[in-house]
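Q: sequence and predicted structure, then a few things I'm wondering about:
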Amino acid sequence: MSAPLAITMGEPAGVGPDIILDLYARRAELGLPPFVVFGNLAFLEKRAARLGLATPIAAASAATAISIFREAMPVIDVTGLVPDHPGEISPLSARSVINSITQAVDATLSGHCRAVVTAPIHKGALYHAGFSHPGHTEFLAELCARDGKVPLPVMMLAHDALRTVPLTIHVPLSAVPGLINRKLILVTLRVMAHDLRQRFGIEHPRVAVTGLNPHAGEGGSIGREDLEIIAPAIADAQAEGIDASGPHPADTVFFPAHWSRYDAVLAMYHDQALIPIKTVAFDEGVNITLGLPIVRTSPDHGTAFDLAGTGKASSASFAAAIRMADRMTESFA
Ligand SMILES: NC(=O)C1=CN([C@@H]2O[C@H](COP(=O)(O)OP(=O)(O)OC[C@H]3O[C@@H](n4cnc5c(N)ncnc54)[C@H](O)[C@@H]3O)[C@@H](O)[C@H]2O)C=CC1
Ligand SMILES: NCC(=O)COP(=O)(O)O
């Protein structure tokens, strides 16, 4: 049975809604698969008008979305008062933003949608409504919990030639050394190896693991974590048959000429992993959550308040996220 992709509206003060509307308007030119937007219908109509888009928007269900898609942008209406104030967060919209994610995940877990593609959220705006997660990644894992067991979600940033994973995500830099441990590295490598096989069709995934310290600790003279935690964790993974190598110095592992030597890089913290990919591929980078029973992708950028409501935001990364979700779930189409 065909199913649409589920797109969440994201932060209404940001560029997510603008980009969704733009991509719907250019769906044929870009060859995008059918999707349904989980969002506030009245707000999306106002934002379309602000952008000067005469986009037809229609209330839909997951079951009717594909037949509607050709004529109008199908929206599963997430009720609530959502002001159209680009660049200005409002506590009024937080509940609708959270509900759009929850409903999209439910629809995907139940097979009514194929995958979730999320528009960027502003975490600070959501804390007013009781959101307590560092980001989508952890929230999605909680929504996918079964029998009280929350899967380990793993963030991956990817484009065609480079995939990077931060071991620790949205935590202060000062907390990173205390959060790195042998078990976390091993379980993250297991999720990466599994999903690179299952979701990306790579039969023998090769993972390069970075060090934490400059020059991967230079034999213990610039920090001991590389020697005492990361290297033994790599050995644990190798003993399980995972093709992991390292620790590699983080400043040279991303050298473009070396990309073909591995299928993904496991880095120790957010910026170590995200700076390389956003630098070389801001427009094509996609954020993917590994370790979940569903496929979730997202553009690599955030809410870009400076561009919201102007129509100037690039839709390229969001289009790449839709294409990636489509490819990863092709067999369900
Ligand atoms: N998946 C998600 O929900 C994500 C959410 N965020 C959130 O977004 C908020 C803002 O984060 P920032 O660090 O400022 O990153 P940002 O990506 O929103 O903006 C950084 C810079 O990139 C530009 N930019 C971003 N998207 C663009 C686009 N589509 N086209 C052209 N230029 C673009 C912006 O104008 C700005 O100059 C934060 O609250 C952050 O947590 C950030 C990344 C991902
Ligand atoms: N820097 C990546 C980011 O902020 C996205 O996080 P998430 O919402 O996908 O967990």
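A: That came through, no problem. Residues are numbered from 1 along each chain as shown. Ligands and ions are numbered 1, 2, ... in the order given.
Q: stretch 160-180 near ligand 2 at all?
A: No: shown here: stretch 160-180 not in contact with ligand 2 (C-beta under 6 Å from any ligand atom), separated by at least 6.5 Å. Where C-beta positions appear, they are placed from N, C-alpha and C, glycine not excepted.
Q: okay, now the unreliable bits of this structure?
A: Where the chain drops to pLDDT under 70, the residues are 1, 331-333.
Q: for the residue of it most remote from its centre, give the beta-bridge partners.
A: Within the chain, the residue lying farthest from the chain centre (C-alpha atoms, centre = their mean) is Ser221, at 36.3 Å. Taking DSSP bridges, one finds Gly223 as the beta-bridge partners of Ser221.
Q: make residue 1 into 39 and carry on from there
A: Right, with 39 as the first residue, what we last looked at is Ser259.
Q: in the stretch 139-288 of the chain, which spans are strands?
A: Taking DSSP state E, counting those that start in this stretch as the test, the strands found in the stretch 139-288 of the chain are 154-156, 192-196, 201-204, 244-248, 281-286.
Q: can you redo those as JSON lines with mean neighbour count?
A: Output for the strands of the stretch 139-288 of the chain, formatted as JSON lines (neighbours: other C-beta atoms under 10 Å):
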{"stretch": "strand 154-156", "mean neighbour count": "28"}
{"stretch": "strand 192-196", "mean neighbour count": "25"}
{"stretch": "strand 201-204", "mean neighbour count": "25"}
{"stretch": "strand 244-248", "mean neighbour count": "24"}
{"stretch": "strand 281-286", "mean neighbour count": "21"}
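Q: Leu43 is nearest to which of the ones you listed?
A: strand 154-156 (5.6 Å; C-beta to C-beta).
Q: do that closest one and ligand 2 meet at all?
A: No: judged by C-beta under 6 Å from any ligand atom, strand 154-156 stays clear of ligand 2, getting no closer than 6.9 Å.
Q: residues contacting that strand, please?
A: For strand 154-156, contacts defined as C-beta atoms under 8 Å, 6 or more residues apart in numbering pick out 43-46, 48, 73, 139, 142-143, 146, 174, 178, 332-336, 356, 359-360, 363.
Q: out of those residues, which are close to ligand 1?
A: Applying C-beta under 6 Å from any ligand atom to the contacts of strand 154-156, one finds that His174, Ser336 fall near ligand 1.
Q: among the contacts of strand 154-156, name the ones in strands.
A: Using DSSP state E, the subset of these located in strands is Leu43, Ala44, Ile45, Thr46, Phe73, Arg334, Thr335, Ser336.
Q: so which of those wins on neighbours?
A: Ile45 (32 neighbours; other C-beta atoms under 10 Å).
Q: run through the bridge partners of the residue nearest to the spatial centre of the chain.
A: Centroid-nearest residue in the chain: Asn325, 3.3 Å away (criterion: C-alpha atoms, centre = their mean). Asn325 has these beta-bridge partners by DSSP bridges: Leu195, Ser336.
Q: what about the helices in the stretch 239-371 of the chain?
A: 263, 269-277, 308-319, 354-366 (DSSP state H, counting those that start in this stretch).
Q: so which of those helices gets nearest ligand 2?
A: Closest approach to ligand 2 among the helices of the stretch 239-371 of the chain is made by helix 308-319 (5.8 Å; C-beta to the nearest ligand atom).
Q: pick out the residue of the stretch 89-238 of the chain closest to ligand 1.
A: For the stretch 89-238 of the chain, C-beta to the nearest ligand atom, closest residue to ligand 1: Pro158, 3.7 Å.
Q: who's in contact with that residue?
A: Gly48, Glu49, Gly52, Val53, Gly54, Ser336, Pro337, His339, Gly340, Thr341, Ala342.
Q: what about the closest residue to ligand 2 within the chain, how many neighbours?
A: In the chain, no residue comes nearer to ligand 2 than Gly173, which is 2.5 Å away by C-beta to the nearest ligand atom. By the measure other C-beta under 10 Å, the count of residues near Gly173 is 20.
Q: which parts of the chain sit against ligand 2?
A: Residues of the chain lying close to ligand 2 (C-beta under 6 Å from any ligand atom) are Gly173, His174, Thr175, Leu312, Asn325, Ser336.
Q: what residues sit buried inside stretch 164-183?
A: Leu164, Phe169, His171, Gly173, His174, Thr175, Glu176, Phe177, Leu178, Ala179, Leu181, Cys182 (16 or more other C-beta atoms under 10 Å).
Q: any chance of the backbone angles for Leu130?
A: For Leu130, the backbone dihedrals (degrees, to the nearest 10) come out as phi -60, psi -30.
Q: what about the residue lying closest to it once chain neighbours are set aside, which SS state?
A: Closest residue to Leu130 apart from its sequence neighbours, by C-beta to C-beta, 6 or more residues apart in numbering: Leu119 at 4.9 Å. Secondary structure, DSSP: H, G, I helix; E, B strand; the rest coil: Leu119 is coil.
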